[in-house]
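Undergrad: predicted model, plus sequence, below.
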Amino acid sequence: MYKRVDHIIFERQDSDTWKLHLIEMKSNVGGNTWKEIKGKFRSSYLFAQAIAGILELTISETVMYTTFEKVQLIPSETTPTARRPRTGEPVVKMQEEWDGHHFVLNFGEWIPFLHIPVLMVRNEKGVLEGTINK
């Protein structure tokens, strides 16, 4: 639980509901990095739920974002076990999860979330910049 996303934002929707935004920032995303990011989303979601409970906030929606410069979600060619699905988990291609089409996290039951990948581009100073379109 000590590894969490880079940013947690509570956006007020109306007087008693809030939208939760979880943002993880990476320059490069590969298969192993994607698994790590999903673990961070899971622990951060639980952490944000705890904060919301303490503050008596009602979360109406949760959106998870990954900012990136480069992404390559291809299983390792040299490690065949990397392509084998894990027992008891739904078989979903990493690319489909990444694109937000079948993104779920395990909390004793599989809960679907909206995942939005956000492309970042280096500016003339070498700083990554990007825009989230709602």
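TA: Thanks, I have the structure now. Numbers count the residues shown, from 1 in each chain.

Undergrad: buried stuff in stretch 54-72?
TA: Neighbour-count burial for stretch 54-72 flags 57, 59, 62-68, 71 (criterion: 16 or more other C-beta atoms under 10 Å). C-beta coordinates here come from the backbone N, C-alpha and C atoms, glycine included.

Undergrad: narrow these to those in strands?
TA: Of the buried residues of stretch 54-72, the ones assigned to strands by DSSP state E are 59, 62-68, 71.

Undergrad: nearest to Gly108, of these?
TA: Using C-beta to C-beta, Thr62 comes nearest to Gly108 of these, at 16.9 Å.

Undergrad: which helix or strand contains the residue nearest to that closest one when sequence neighbours are not counted?
TA: Distances taken as C-beta to C-beta, 6 or more residues apart in numbering place Leu20 nearest to Thr62, at 4.4 Å, with adjacent residues excluded. Remark: Leu20 resides in strand 17-25, with elements defined by DSSP states H and E.

Undergrad: which stretches of the chain form strands?
TA: 7-14, 17-25, 28-30, 59-68, 70-72, 104-106, 110-112, 114-119, 121-122, 128-129.

Undergrad: the second one pairs with which strands, and in what direction?
TA: The reference is to strand 17-25. Strands that pair with strand 17-25, judged by DSSP bridges, come out as strand 7-14 (antiparallel), strand 59-68 (parallel).

Undergrad: state the mean pLDDT of that strand.
TA: For strand 17-25, the mean pLDDT works out to 96.

Undergrad: tabulate the strands of the chain (JSON lines), appending distance to Lys38.
TA: Shown next, in JSON lines, are the strands of the chain (distance: least, C-beta to C-beta, whole Å):
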{"stretch": "strand 7-14", "distance to Lys38": "16"}
{"stretch": "strand 17-25", "distance to Lys38": "9"}
{"stretch": "strand 28-30", "distance to Lys38": "11"}
{"stretch": "strand 59-68", "distance to Lys38": "9"}
{"stretch": "strand 70-72", "distance to Lys38": "14"}
{"stretch": "strand 104-106", "distance to Lys38": "7"}
{"stretch": "strand 110-112", "distance to Lys38": "12"}
{"stretch": "strand 114-119", "distance to Lys38": "9"}
{"stretch": "strand 121-122", "distance to Lys38": "25"}
{"stretch": "strand 128-129", "distance to Lys38": "21"}
